[in-house]
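Engineer: Sequence below, structure please.
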Amino acid sequence: MNLKKVGEDPYVGETLQQSLSKWLTPNDSFYVRSHFDFPKISKNEFELVIDGLVDHPISLKLDDLKKLPKKTLSATLECAGNNRSDLSPAVPGNQFSNGAVSNAIWSGVSLRDVLNLVNLKDSVLQILFQGADSGETEKDKAHEPYLRSLSKDMAFDPDTLLAYEMNGEDLPIEHGFPLRLVVPGWYGMASVKWLTKISAIDSPFKGYFQGKKYVLKYTDGTQKPLEEIQVKSLITYPEDNSSIDQKKISIQGIAWSGRNSIESVEVSLDSGQTWNKAELVGPSEKYSWRHWQYLWNVPSDGEYTIMSIAKDTFGNNQPIESVWNELGYAVNGSKPVNITVE
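Structural biologist: As a prediction, the model looks like this:
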């Protein structure tokens, strides 16, 4: 894999800076985050069980799923802990820099089409998803599988996907082969990999990866669950702490925001004192990041601090400063890039 290693046992890696400049992230450059070792599942032996509060429990092979209408969409996935290393004081967890975010084209079937096969009972409140990966959630605790739930409304959103292809190829094992959930616009923890079971339930799921982890816990004692990706932008060129001997510099970057499109990006060349509107470029898709650029005529040699902020079509603005929280999630403050022009 063409990644920067962040952790091991299991392997965790983030996308390299140069790969962030591409609209589509190659599969081997797409960030990798999982809690347990990658399970090995044979395509021929794979079965997806759908049970719980349904009239017609079923078990589907991969070929059964492929007989349903195929749906394809592009979506940016971001790990909830992306940019965790920027927080001060430091918090525990994988110390991601910028690269726990990537963009791909996902193909599979709408989850809604699969759920319609089993006829949910009226009492159903949430849909629970189980991955084939399992392990200790905490030291000396019993092994348990990776489990996450969605509201019934979110599960029936036509864009919530059961994906079996990534960028036109079978899912790589590290990205959930042979089947994964893709929840466009939500942080990556919602998109359960190695999906083997879907259950309809009538009460809120409060398991480890939903009730204890992936919750924003603030210093004032308040907390809320992680769901949609917060509006954010990054500068991909120039790189931090670089020296440049040009007087015309094309500042480039990416911006994204959950289930909303990017409306604008602004760039500061003086540590946030003044702001200039950047140009949005490249493909514009609802759930994918947007590239942007700003052509800067450098007035003189010296040291500069460049910053960017984004705004989405729903009116959400990227903050200058990230909000500290004890698990280091949803870090979306503007990240300065310091350069020397000589």
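Engineer: now residue 302: how far from residue 92?
Structural biologist: 38 Å (CB to CB, to the nearest Å). For the C-beta atoms, the positions are set from N, CA and C on the backbone; glycine is no exception.
Engineer: Would you mind naming the helix or strand containing the residue nearest to residue 243 when sequence neighbours are not counted?
Structural biologist: Leaving aside its chain neighbours, residue 243 sits nearest to residue 340 (4.6 Å; criterion: CB to CB, 6 or more residues apart in numbering). Using DSSP states H and E, residue 340 sits within strand 337-341.
Engineer: Against which helices or strands is that strand packed?
Structural biologist: The contact analysis (3 or more CB pairs under 8 Å, 6 or more residues apart in numbering; DSSP states H and E) places strand 337-341 against strand 242-244, strand 302-312.
Engineer: list the buried ones in that strand?
Structural biologist: The neighbour-count check on strand 337-341 (16 or more other CB atoms under 10 Å) flags 337, 339, 341 as buried.
Engineer: and the helices and strands packed on strand 337-341, which is most packed in?
Structural biologist: Ranked by mean neighbour count under mean count of other CB atoms under 10 Å, those are led by strand 302-312, which reaches a mean of 20.
Engineer: surely residue 39 meets residue 194?
Structural biologist: Yes. Checked against CB atoms under 8 Å, the pair residue 39 and residue 194 is within contact range at 5.2 Å.
Engineer: Which residues are in contact with each of those two?
Structural biologist: Common contacts of residue 39 and residue 194, defined by CB atoms under 8 Å, 6 or more residues apart in numbering, comprise 131-133.
Engineer: Which one of those residues sits in the busiest neighbourhood?
Structural biologist: When neighbours are taken as other CB atoms under 10 Å, the top entry among the shared contacts of residue 39 and residue 194 is residue 131 (24 neighbours).
Engineer: That one falls within a helix, correct?
Structural biologist: No. Using DSSP: H, G, I helix; E, B strand; the rest coil, the assignment for residue 131 is strand, not a helix.
Engineer: give me the number of residues near residue 138?
Structural biologist: For residue 138, the count of nearby residues is 8 (other CB under 10 Å).
Engineer: Quick check: phi and psi at it.
Structural biologist: Torsion angles at residue 138 (phi, psi; degrees, to the nearest 10) stand at phi -140, psi 160.
Engineer: How about the contacts made by the closest residue to residue 3 other than its chain neighbours?
Structural biologist: Spatial nearest neighbour of residue 3, excluding adjacent residues (CB to CB, 6+ apart): residue 13 at 3.2 Å. Counting by CB under 8 Å, 6+ apart, residue 13 touches 1, 3-6, 31-32.
Engineer: where does residue 13 sit relative to residue 79, distance-wise?
Structural biologist: 11 Å.
Engineer: which residues do these two both contact?
Structural biologist: Common neighbours of residue 13 and residue 79 (CB under 8 Å, 6+ apart) are residue 31.
Engineer: Check which residues of stretch 119-137 are buried.
Structural biologist: Within stretch 119-137, the residues that qualify as buried are 120, 124, 126-134, 137, counting by 16+ other CB under 10 Å.
Engineer: Dump the helices and strands packed on strand 337-341 into JSON lines; add mean pLDDT and distance to residue 272 as well.
Structural biologist: Listed next are the helices and strands packed on strand 337-341 as JSON lines, based on pLDDT from 0 to 100; distance: least, CB to CB, whole Å:
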{"stretch": "strand 242-244", "mean pLDDT": "96", "distance to residue 272": "20"}
{"stretch": "strand 302-312", "mean pLDDT": "98", "distance to residue 272": "5"}
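Engineer: out of those strands, which comes closest to residue 250?
Structural biologist: Evaluated over those, closeness to residue 250 peaks at strand 242-244, with 10.9 Å, by CB to CB.
Engineer: Fine, thanks again, bye for now.
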